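> Turn this into a model:
(2 chains)
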Amino acid sequence: MDNSHCPKILIVDDEKGLRIGTKRLLEGEGYVVETAENGYDGIKLGTTTEFDLAIIDLKMPDIDGIQVMKEILKVYPDSVCLIATGYASYETAIEAIKFGAFSYIPKPFTPEELFQKLTQGYSRRELIIEKKKWKQEREERLLEVAFEKSRLNTIINSITDGLLVVNKNGEAVLYNPSALKSLGFDQIKIEEYILDKLHPQIADLINKFLSSETCEQKSFSSQVELKANRELIVEATSSPVLNPDGTLAGVVVVLQDITELKKIEFLKSQFVSMVSHELKAPIAAVYGYLKLFSDTSIPLTEEQKMNYLNRSQIRLDGLLKMVNDLLDISRMELKTVNKEIKDVDLPSIIRPIIELFQIDIKKKNISVTIEASEKLPHLKADQDEVSRLFTNLISNSIKYNKTDGSIAVNITASGNYLITEIKDTGIGMKPAERAKLFQEFFRAKNDKTKDISGTGLGLSIVKRIVDSYSGKMEVESEFNIGTSFKIFLPLRYENNNNV
Amino acid sequence: MQSDVKKKILLVDDDIDLLEQNKILLESKGYHVITADSSKQGWELFESEKPDAAIIDLIMEEHDSGFVLSYKIKKDNYGKNIPVIVLTSAAYFTGFKFSASTREEKEWIRCDEIINKPVEADELVKKLESYFALKNS
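From the prediction side, this is the model:
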């Protein structure tokens, strides 16, 4: 007998002597025994506590023993019941077993007969308990597996990268919605051959593993344009899925959307080619003059020579300006400019700039007026940057002005902004030119501008400076009438470099 | 030059330095050169001067100004019979290599030759002379 758990036994019998005798006998053997002297008491006891075993008398004055057993089994179906009967007969035994009794025991019984039956009954009970425990554990385990699986599925379905797993026959095994979307499929049928439906580059990535005998744990990547015109470009990476024994089970492909990255890359290379082109033009011009000078078969007059030297100098000068502007832009892009934020009085920055351009202003006979409201608040800004900003704008308003034209600078404070308007009576812009105004290297090309030199970077720099102070710009322009720039600079500087 | 009368070449380029240099080079090879620094002026000169050949820079006001002008010239009754050469440095910064060597290309690019810059004067002269020779034969 297992000592760790004393079997609990219920004895239901109307015979007092048998009840007491059996109880004493069993308690002596280590059983825990309770007794009931009639059927109803038996039901009451047997349905409030779960007994391992119950010995129930078949014939009792109030209620049939089989009935008692039925009620107990209704509540505790794992209790093992023995029917004790003085009228032992084949029929009653069969009937008792039919209704759920484990066995029957004929009365009167010897202690040996009783112990034998109880030992058998208790083994049965232990088996039942064990089975139940296993069943419960299995159900819990299954639940856990199901939960893990659904959790994994949820995760796979949530990731933005596309995921596709194929087995070694090239049949789809697993995929997520992102993969479906990237590949442009309405659906993927599981266990259907899929390699012929995939973009050839992706199929190649998978075949690298499927067609090779060895399965090394390494990955292959390539950039695949899944939708034409750079609409969808992915970085596809294939890796092997290995069995525990190291053989190939399948291949997993991850599709990462790199469309935006490629767009930026494209813009960057476009910028680089534009820069190269712009830098090349003056070099080619100077190089051409040098070639003319060195070609002895071409006679040049002194006047021509002087003119060519002069032109070369002008082109190189423009080249130098452009390189300086480019360096400024690159510094701004890299945010390596350390702003030295100080109180800045805008009129006292703008006046010296106009002084600087006096020669050009006089040459074109332009009249310049500066108007500033009294007690103008100071800006918090980097003096050099503000100076650079207005130098570019004022230089433009002179360069693109007409002879005898005018420039009006007007500075006012409004709310949290200092507004500077620079209005010229220059050549103005057509709407199409106006739209491209801040593009790097864009310069309106027409009869009026062809003799004006410039890098095409000035306004691009202006815009970058204004943006870096979270300011804004308004441009109004009418072709042949003039252009007005309105610069809004916030009074307080907020460092938004980290945003 | 074989003929006594100097051939008249129209040069169109918005870079006035390259315009000047090519003018000097072609003049030194015995041509009469007229120059324009915009497509508009180029077309005006073409109409008034009736040159024997036109050499046009591709990128001027627009990225394809040279093609537009050459198309216009080639559609003209007089212009269709003169050689038109387009100069380009596009190959250097776009990777695109224009050519007008096949019939299809000539369908939409109406010019006889596309030459990548920088141009060697001798090469340009050779091309021009081969066109003039073809016309005379």
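> Flag every residue of chain B that's near chain A.
B:14-15, B:17-18, B:20-21, B:24-25, B:28, B:37-38, B:40, B:60-61, B:89, B:92-94, B:117-118 (C-beta under 8 Å from any C-beta of the partner chain). Every residue, glycine included, has its C-beta placed from N, CA and C.
> Out of those, which end up buried?
B:14-15, B:17-18, B:20-21, B:24-25, B:28, B:37-38, B:40, B:60-61, B:89, B:93, B:117 (16 or more other C-beta atoms under 10 Å in any protein chain shown).
> which stretches of chain B form strands?
For chain B, strands defined by DSSP state E occupy the ranges B:8-12, B:32-36, B:53-57, B:84-88, B:113-116.
> Could I get the full set of helices for the stretch 101-250 of chain A?
A:111-158, A:177-183, A:200-210 (DSSP state H, counting those that start in this stretch).
> Which of the residues in the last one are classified as buried?
Right, the one you point to is helix A:200-210. A:202-207, A:209-210.
> And the pLDDT for the closest residue to A:V409 other than its chain neighbours?
The shortest distance from A:V409 to any non-neighbouring residue, by C-beta to C-beta, 6 or more residues apart in numbering or on different chains, is to A:I370 (4.6 Å). What the model reports for A:I370 is a pLDDT of 92.
> Now do the SS call for A:I370.
Using DSSP: H, G, I helix; E, B strand; the rest coil, the three-state assignment for A:I370 comes out as strand.
> Surely it is in contact with A:I353?
No: using C-beta atoms under 8 Å, A:I370 makes no contact with A:I353, being 10.3 Å away.
> ok, back up a step: including distance to A:G65, could the helices of the stretch 101-250 of chain A go into a markdown table?
Listed next are those as a markdown table, based on distance: least, C-beta to C-beta, whole Å:
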| stretch | distance to A:G65 |
| --- | --- |
| helix A:111-158 | 15 |
| helix A:177-183 | 64 |
| helix A:200-210 | 72 |
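> For chain B, which of those is the nearest?
Of all those, it is helix A:200-210 that lies closest to chain B, at 21.9 Å by C-beta to the nearest C-beta.
> Figure out how far stretch B:122-134 is from the centre of its chain.
12 Å (C-alpha atoms, centre = their mean, to the nearest Å).
> now it: mean pLDDT?
In the prediction, stretch B:122-134 has an average pLDDT of 88.
> what comes up buried for it?
B:124-125, B:127-128, B:131-132.
> now do stretch A:379-389
A:379-383, A:385-389.
> now what about that stretch, what contacts it?
Stretch A:379-389 is contacted by residues A:328, A:337, A:339-346, A:349, A:353, A:418, A:461-462, A:465-466, A:468-469, A:487, A:489, A:491-493 when judged by C-beta atoms under 8 Å, 6 or more residues apart in numbering or on different chains.
> on that earlier part again, tell me which of the strands of chain B sits most buried.
Highest mean neighbour count among those (mean count of other C-beta atoms under 10 Å in any protein chain shown): strand B:53-57, with a mean of 25.
> Pairing partners for that one, with directions?
strand B:8-12 (parallel), strand B:84-88 (parallel) (DSSP bridges).
> now the first one and strand B:32-36, what's the angle there?
Interaxial angle of strand B:8-12 relative to strand B:32-36 (axes from the mean of the first three to the mean of the last three C-alpha atoms, to 10 degrees): 20 degrees.
> Give me the distance from strand B:8-12 to the chain's centre.
Distance, centroid of strand B:8-12 to centroid of chain: 7 Å (C-alpha atoms, centre = their mean).
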